[in-house]
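In: Sequence plus predicted model, see below.
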Amino acid sequence: MPAAAALKVLVVDDQNSVRQVIRLALEEIGVRHILESENGKDAFEKATTQPVNLIISDYNMPEMDGLALLRAVRGHQTVRKLPFILLTGRGDRDLVVKAAQTGVNNYVVKPFTNALLREKIEQVMGKLA
Amino acid sequence: MSKIDELKNTFFDECGELLQDIETGLTDMREGRGTEDTVHAVFRAAHSVKGGAGIFGFERLVGFAHVFETVLDNVRHEKLVTSDDVMSVLLQAGDVLADLVGMARAGEEVPPGFGDECRHALEKLAGSEEGGGDASGDFDGIDFMPVAADDDFTPVAADGFDDMADLGAAPGEHTFRISFKPSGELLKKANEPLYILRELAKLGRLELTADASAVPPLVQIQPDNAYVSWQGVLHTMQGRAEIDSVFEFVVADCELEIVEDLPTEAEMPMAPVAAMDEPVEAEPAPPMNMPVPAAVSSPPLAPEKPAEASKPAAAKSTAGMTTRVDLEKIDRVVNMVGELVIAQAMLGQVVRDLPEDVAGLLSQSLEEVIHHTRELKDSVMSMRAQPVKTVFQRMPRLVRELSTKTGKNIRLEMSGENTEIDKTIIERLSDPLTHVIRNSVDHGIELPADRVAAGKSEQGTIRLSASHRGGRIVIEVKDDGAGINNERVLMKARERGLIDANASLSEDEISNLIFMPGFSTAETISDISGRGVGMDVVRRNILDIGGRISLKSDPGRGLLMQLSLPLTLAVMDGMVVEVGRDNYVIPISAIVECLRPSASDIRSVLGTLGTLQLRGAIVPILRLSDLFGIASARNDVADSVVIIVEASEGARLGVVVDELRGHQQVVIKSIEENYGIVPGIAGATILGNGRVAFIIDVDRLASLAGDGRDSPAPRAEPKTVAA
């Protein structure tokens, strides 16, 4: 059973406010190591050079969008198994389908509660201690 | 304010920029200036509003943004042609979106049916399948099968966390636990631990923690001894031999332990986590021969991107760009800088009075202080400064809505939006500027048919610009409408008894009558500009923020409104002058020149006024001593100093004073707040000698003196206009 405090989560969104909300939610779940990225390109670099064991990423971003990031991660030799949760809006079913085909591990629809986020993380990572 | 409320504010601030991007982008598209990138930018901005709104649960905003975004997506993929009709719907949608953001920010309930018309228009453009835009958030029936590049990928969730910890341990990858403690000998042989670690990092993914606990206090440090050691993990495709070769030359001069982890010992790769529990922002691990006692522990060394990359990302991503500071805090600094300016002036006075041998060194240091104070003032002022964009950005929508309402075809061109000006001035600029633009749309620009009849293009243009000019900000509103109908203005003014029936006025003076209280020429009061707020209020508003407003009418061809504003309200450059035993301050920005005229240049005219022959031009002069009833030491104007000042509308006036006392930065203290409005006095300040001096309101001087000839500035008293 993984300890939330030991999780290292990379949060990817170009909007600072959204990143901070996710950070807040993660912190309340007990996650203590949170990295942030403003775009897919930077996220990919962080994911491949730093200890990260979960990516939570938005779709819509400049430079490299969430799907492209997912694709890049899945195609990378050492981090290809990295769990990946996609943030999505209501009504973005097509996007989620596409992401599932690309290998996303789960998705979270905005807005979410802390409980929902925890649930989604647990579905991917296993029960959190 | 709770954390989440703060984040909401951050979101709304972001929205401001995003909405501006949408507005600008759509306007460019409508004008045919849009490129492919423009459409993308608008789409992304709408999507970002939706994304942020989603996370904070602003449902109406999300719903609307979603349909908006869908239409933009169609445009983006060229499924939809941006005809005028489509652009009109999109621009409207931008407005509705802005309104929804505004309501969300204010915490207002969105009225039922709000924006529905626009939404339906969007839905029509989006295509029928978008009817269910508000689909539920759960997408059932999608299987999240983790897809891997090769077949040995096992679903992460099923295997639980222990497998997770081993993430990245691809087949063939080894994990080594390394402990490395160099000795002093290693340094003496000119080896460098940092280079060794870099070599090591090249082999794979390296996670190291530096142990600096053995570093002694600075005084005890021996530069040639080694104090720091490293422990950590290396994930590599290479074998033990490659690792050994990295340490080949130093193995005798360090304590080295390299242990290969078996893949089943899952907790191993997680070891660095514990080390990271208290992330310490530190510089890259210092080389041993340059000990840094402060570095207690260094973050893990990642290949190619050392310590810097491991710093908390939050700080990195935002801190570099902006910090939100309470305005009150800045104002406190502004006030303190103001006091500092005064204190420094007093110090200057004291230094000047000292014997020269003592004063020499002191005044040199004082020069430094003056220099720094000035820079400090400028930087603080720039902190308060904001681009006029914040006001300008509301105008396109205003013009759009008004032109629809009036059936006119108007294009708004803006330039200089990035010109910066004090925040307080910006806040108080919005109303008068809005009014001026309303006027241009309502009274200035003609109906399309009338324009064609007058030989003009069907589309009217309003140009809104901002620029720096001689220490002030000049904002211009220029339209190519009908200009001011002077005949009608004159008639109205006479009708209302605003001017004497026999007064002969120049064309400019007549146009300026519209600034007089109680004046309105609109034949019917329209719901656009005839709201009981006349141009006199606009003028008052501008004067209140230390600005000036002037107009230039070109009948039949257009009107130019010029607003000249100070950069700041708190501190200004002033010329200290002496009249009798009192000191006054005249704003440097208003001064054209100072001179001692010869007696032959001066002609006295009955009353308090005289005139001065200045290089062929005749300038009215005014004695401050007469105006304020002060016993002046100099009775003869030729003995005095004349300061030529430029009041609003470029009118010149010679102000006669006894002596110039010097140029000084003064802090403006309001006397209105503590005493009341004094005509001709804009405020007060404290001089270096501790005495109070009044600041002259140059614009009001002319009207106080009762001059009517060279200054077309409207007078408060109708009689003076007629004079």
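Out: Ah, there it is.

In: Let me see the mean pLDDT of stretch B:372-388.
Out: When pLDDT is averaged over stretch B:372-388, the result is 83.

In: Can you mark which positions in that stretch are buried?
Out: Using 16 or more other Cβ atoms under 10 Å in any protein chain shown as the burial criterion, the residues of stretch B:372-388 that qualify are B:T373, B:R374, B:K377, B:V380, B:M381, B:R384, B:A385, B:Q386, B:P387, B:V388. In this view, the C-beta of every residue, glycine as well, is placed from N, C-alpha and C.

In: Same list, the residues you listed, but as JSON lines with distance to chain A and secondary structure please.
Out: As requested, the buried residues of stretch B:372-388 are exported to JSON lines (distance: Cβ to the nearest Cβ, whole Å; DSSP: H, G, I helix; E, B strand; the rest coil):
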{"residue": "B:T373", "distance to chain A": "36", "secondary structure": "helix"}
{"residue": "B:R374", "distance to chain A": "35", "secondary structure": "helix"}
{"residue": "B:K377", "distance to chain A": "32", "secondary structure": "helix"}
{"residue": "B:V380", "distance to chain A": "26", "secondary structure": "helix"}
{"residue": "B:M381", "distance to chain A": "27", "secondary structure": "helix"}
{"residue": "B:R384", "distance to chain A": "23", "secondary structure": "helix"}
{"residue": "B:A385", "distance to chain A": "23", "secondary structure": "strand"}
{"residue": "B:Q386", "distance to chain A": "20", "secondary structure": "strand"}
{"residue": "B:P387", "distance to chain A": "20", "secondary structure": "strand"}
{"residue": "B:V388", "distance to chain A": "25", "secondary structure": "coil"}
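
In: Can you name the residues that contact A:A25?
Out: A:A25 makes contacts with A:F112, A:N114, A:L117, as judged by Cβ atoms under 8 Å, 6 or more residues apart in numbering or on different chains.

In: so which strand or helix has it?
Out: Here A:A25 sits within helix A:16-29, counting by DSSP states H and E.

In: Now B:N225: phi and psi?
Out: Main-chain torsions, B:N225, degrees, to the nearest 10: phi -110, psi 160.

In: pretty sure it is touching B:P182, no?
Out: No: contact criterion Cβ atoms under 8 Å: B:N225 and B:P182 do not qualify, at 9.9 Å.

In: the more surrounded of those two?
Out: Of the pair B:N225 and B:P182, B:P182 is the one with more neighbours under other Cβ atoms under 10 Å in any protein chain shown, namely 23 against 18.

In: Local confidence estimate at that one?
Out: Taken from the predicted model, the pLDDT recorded for B:P182 is 86.

In: now the one 10 residues further on
Out: Here the pLDDT value assigned to B:E192 is 79.

In: Using the three-state scheme, assign the closest residue to chain A within the stretch 501-650 of chain B.
Out: Using Cβ to the nearest Cβ, B:T568 is the residue of the stretch 501-650 of chain B that sits closest to chain A, at 29.9 Å. Under the three-state scheme (DSSP: H, G, I helix; E, B strand; the rest coil), B:T568 adopts coil.

In: Can you name the residues bridging to the residue positioned nearest the centre of chain B?
Out: Using Cα atoms, centre = their mean, the residue of chain B that lies closest to the mean C-alpha position is B:Q386, 2.7 Å off. The bridge-partner assignment for B:Q386, based on DSSP bridges, gives B:I421.

In: cool, and B:L208?
Out: B:L208 has the following beta-bridge partners by DSSP bridges: B:G232.

In: neighbours of it, just the number please.
Out: 24.

In: now swap in B:L72 and tell me
Out: Number of residues near B:L72 (other Cβ under 10 Å) recorded here: 28.

In: what residues are up against it?
Out: Counting by Cβ under 8 Å, 6+ apart, B:L72 makes contact with B:V39, B:V42, B:F43, B:A46, B:L90.

In: How about it, nearest residue that isn't a chain neighbour?
Out: The spatially closest residue to B:L72, leaving aside those adjacent along the chain, is B:F43, at 4.2 Å (Cβ to Cβ, 6 or more residues apart in numbering or on different chains).

In: and B:I473, what helix or strand is that in?
Out: Using DSSP H and E, the element containing B:I473 is strand B:472-479.

In: coming back round to it: are any of the contacts of A:A25 buried, and which?
Out: When burial is judged by neighbour count using 16+ other Cβ under 10 Å, the buried members of the contacts of A:A25 are A:F112, A:L117.

In: The contacts of A:A25 also near chain B: which ones?
Out: A:F112 (Cβ under 8 Å from any Cβ of the partner chain).

In: Could you provide the contacts of A:A25 in CSV, with additional columns for pLDDT?
Out: Listed next are the contacts of A:A25 as CSV, based on pLDDT from 0 to 100:
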residue, pLDDT
A:F112, 81
A:N114, 82
A:L117, 86
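
In: From the contacts of A:A25, pick the one nearest B:R105.
Out: Distance from B:R105 was checked for each of the contacts of A:A25 by Cβ to Cβ. The minimum falls on A:F112, at 21.7 Å.

In: rewinding a little: the residue nearest to B:L72 is in what secondary structure piece?
Out: Under the criterion of DSSP H and E, B:F43 resides in helix B:36-56.

In: need the next SSE after that helix, C-terminal direction.
Out: Next in sequence after helix B:36-56, counting helices and strands by DSSP H and E, comes helix B:59-76.

In: Pull the distance from that following helix to the chain's centre.
Out: Taking the mean of its C-alpha atoms, helix B:59-76 sits 29 Å from the chain's own mean (Cα atoms, centre = their mean, to the nearest Å).

In: relative orientation of it and helix B:36-56 in degrees?
Out: Following axes from the mean of the first three to the mean of the last three Cα atoms, to 10 degrees, one obtains 160 degrees for the angle between helix B:59-76 and helix B:36-56.

In: Give me the angle between the next helix or strand after helix B:59-76 and helix B:59-76.
Out: From helix B:59-76 onward toward the C-terminus, using DSSP H and E, the following helix or strand is helix B:84-106. Between the direction of helix B:84-106 and that of helix B:59-76, the angle (the same axes, to 10 degrees) works out to 150 degrees.

In: Mean confidence (pLDDT) on the next helix-or-strand element following helix B:84-106, please.
Out: Once helix B:84-106 ends, the next helix or strand along the chain (criterion: DSSP H and E) is helix B:116-126. For helix B:116-126, the mean pLDDT works out to 84.

In: Same check on stretch B:622-633?
Out: If you average the per-residue pLDDT over stretch B:622-633, you get 78.

In: Kindly report the same for stretch B:324-334.
Out: Averaging pLDDT along stretch B:324-334 yields 80.

In: re earlier: now, which of the contacts of B:L72 sits nearest chain A?
Out: Of all these, chain A sits closest to B:F43, with 8.8 Å by Cβ to the nearest Cβ.

In: can you give me the helices in chain A?
Out: Listed from the start of the chain, chain A has helices (DSSP state H) covering A:16-29, A:40-49, A:66-74, A:93-102, A:114-125.

In: which secondary element of chain A has the worst mean pLDDT?
Out: Considering only helices and strands, the least confidently modelled element of chain A by mean pLDDT, DSSP states H and E is helix A:93-102, at a mean of 81.
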